[in-house]
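[1] please work out how this folds:
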Amino acid sequence: MKYDVLIIGAGIAGLYTALSLPSNLKVLVLSKDEINNCNTYRAQGGIACVWDEDDDFEIHMEDSLKAGNGKNNKKMLEIMVSEGPENIQNLIDYGVDFDKNERGYDLTLEGGHTKRRILHYKDTTGKRVIEVLAQNAFKKNNIEINERTMAVDIAKSRNGFLTTVLDENEEPMYIESDFTVIASGGIGRLYKYTTNASIASGDGITLASKAGAKLKHMDLIQFHPTGLYENSGDRFLISESVRGEGGILRNNKKEAFMHLYHEMADLAPRDVVSKSMLKEMKNSNSNYLYLDVTAKPKEYLENRFPHIYKSCKNRKLSMEKDFIPVSPCQHYFMGGIEVDEFGSTTVDNLYATGECACTEVHGNNRLASNSLLEALVFSKRVAKSIEGKYSRLENTDIKSNIKVEARIHDNYGLQGLSYNEKKHLELSEIESLKNKVREIMQNSFFVNFNIDYAEKNIEAINELKFELNLYKNNNKNFYELVSLAEVSNIILKEKLKNARVSN
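    Numbers count the residues shown, from 1 in each chain. Next comes the predicted model:
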């Protein structure tokens, strides 16, 4: 099958890129699972944007720089902040109905922001954005969306790509495209405790790396302070907006403590809050602390945070009466595939956008609600770049599938042994190995970095990478495991390197 543009990922970055491309281009969007199983769909708080006359671009940039410890790329940050309003207006034009009050749009406040600038839809902003973008995309004759389809390899030809995918029946298919856009989201499933969707295993980063694209700042991982504490690894996010609207963190003595650590107290940047919480948890030998929003009436909480309120209620917690048990968990990835201001990677005509791409706008720590803004602004720029290049593109033939297919097999260690000699991993074994990787990541690098543990256990991941070359599985779970091992190895190597330099 031949397309002008292949987009791997159907979150806000993938769908918005598709909608921003000219309607004369034939576009295929791959969603690894159903469209609603993505990180965007889980986003609660909203989208940060200079919208009010009391705010301006410089203040938004200053807040972002302060949160990012000054390590942000100022050029990229200025692009994101200044081009935000026009892209938000595009969302509104598509049909995203952000909440309003008597003054206009209801702008909320979140940690690290000095102005109210977060546009939101209740506490399910991401869900609403995906619903609207998907509805628009399905109506477009030039856009095809394949759900439950996973890309497992990208091969470069002279002027295009041949991408191998597994369809919903896990049968291989080959997609030819002039341009390929990786918009595959984050890496949360490398960890035991994460707010990320089940598909967030870093596949796009693995694909890009194997295709020859450079990666950048792979050790920059953000941990959200307020995941609802539960025994399971899947953490329900208690949005930063709850603290923005008056929520207070309390220790096990029910005492407020954030004012002891930062001048912005409960609205300090996420890295500060997460580290402060770990100190308080260690002091009390506890696995969690509390978020107190009992000063707000039930009616307000039900209306402003309906999703969070219902989710707490399902766990027998009443937000207006009970303190909510919370603890930090993995939430966002600031590193990823190296890109320029138009989302171009170091491989010609291969683009990356959204969480899998490293634009450096966030510095060492992302400011709340800047992620969806980044995805919008740079996805639009990806589309503009492709539009400009397409008119100059010369039609060339893709190299034979047989030659490329052999290269794909070589990537997973089939060199030197016949295919029939390979061993097969059962699903239970794959899940066990995934959990092994997650255990190592959780104990090596969770908010703080445990250099001794990482040094002792990174070899286990290297051994796993080698062992996976001995198996012939051709299913999505196996390729997820390959990605978990690959990406975690890169992260720990870079983190160890930087830790040794700083010491």
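
[2] by mean pLDDT, point me to the weakest helix or strand of this structure.
    Least confident helix or strand, the chain: helix 401-411 with a mean of 41, by mean pLDDT, DSSP states H and E.

[3] downstream neighbour of that one in the secondary structure list?
    Beyond helix 401-411 on the C-terminal side, the first helix or strand identified by DSSP states H and E is helix 427-444.

[4] what's that following helix packed up against?
    Taking 3 or more Cβ pairs under 8 Å, 6 or more residues apart in numbering; DSSP states H and E as the contact definition, the neighbouring helices and strands of helix 427-444 are helix 451-468, helix 476-502. In short, each C-beta sits where N, CA and C put it, glycine included.

[5] now the most centrally placed residue in the chain: which helix or strand?
    Closest to where the C-alpha atoms of the chain average out (Cα atoms, centre = their mean) is residue 186, at 3.1 Å. If you go by DSSP H and E, residue 186 is not part of any helix or strand.

[6] give me the pLDDT value at it.
    What the model reports as pLDDT for residue 186 is 97.

[7] do residue 413 as well
    According to the predicted model, the pLDDT of residue 413 comes to 35.

[8] that older thread, how much space separates the residue nearest to the centre of the chain from residue 113?
    Using Cβ to Cβ, to the nearest Å, residue 186 is found at 22 Å from residue 113.

[9] sorry, back to before: need the winner for burial among the helices and strands packed on helix 427-444.
    Among those, helix 476-502 has the highest mean neighbour count (mean count of other Cβ atoms under 10 Å), at a mean of 19.

[10] now the helices and strands packed on helix 427-444 as JSON lines including distance to residue 131?
    Written out in JSON lines, the entries for those read as follows (distance: least, Cβ to Cβ, whole Å):
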{"stretch": "helix 451-468", "distance to residue 131": "37"}
{"stretch": "helix 476-502", "distance to residue 131": "25"}
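
[11] domain assignment for this protein?
    According to the domain assignment given by automatic domain parsing, the chain is divided into the following structural domains: 2-220+334-390, 230-328, 412-502.

[12] could you identify which of these is most buried?
    With neighbours defined as mean count of other Cβ under 10 Å, those peak in mean count at domain 2-220+334-390, which reaches a mean of 22.

[13] ends of that domain, what's the gap?
    Across domain 2-220+334-390, the straight-line distance between its terminal residues is 15 Å, by Cα to Cα, to the nearest Å.

[14] begin at 43, not 1, for the rest of this chat.
    Sounds good: first residue 43 from here, last item domain 44-262+376-432.

[15] distance from that domain to the middle of the chain?
    Between the centre of domain 44-262+376-432 and the centre of its host chain there is 8 Å, according to Cα atoms, centre = their mean, to the nearest Å.

[16] next one: stretch 516-525
    When C-alpha coordinates are averaged (Cα atoms, centre = their mean), stretch 516-525 and its chain have centres 19 Å apart.

[17] ok, now which ones touch residue 465?
    Contact analysis of residue 465 by Cβ atoms under 8 Å, 6 or more residues apart in numbering lists 512-514.

[18] could you rerun that using 10 Å?
    If you count contacts by Cβ atoms under 10 Å, 6 or more residues apart in numbering, residue 465 has them with 509, 512-515.

[19] likewise residue 225?
    If a contact means Cβ under 10 Å, 6+ apart, then residue 225 has 49-60, 71-72, 80, 246, 385, 393-399, 417, 421, 424 as its contacts.

[20] touching, residue 342 and residue 287? I think so.
    Yes: contact status for residue 342 versus residue 287: in contact at 8.4 Å, counting by Cβ atoms under 10 Å.

[21] distance of residue 513 from residue 526?
    Applying Cβ to Cβ, the value for residue 513 to residue 526 is 14 Å.

[22] quick one: end-to-end distance for stretch 357-375.
    End-to-end distance of stretch 357-375 (Cα to Cα): 29 Å.
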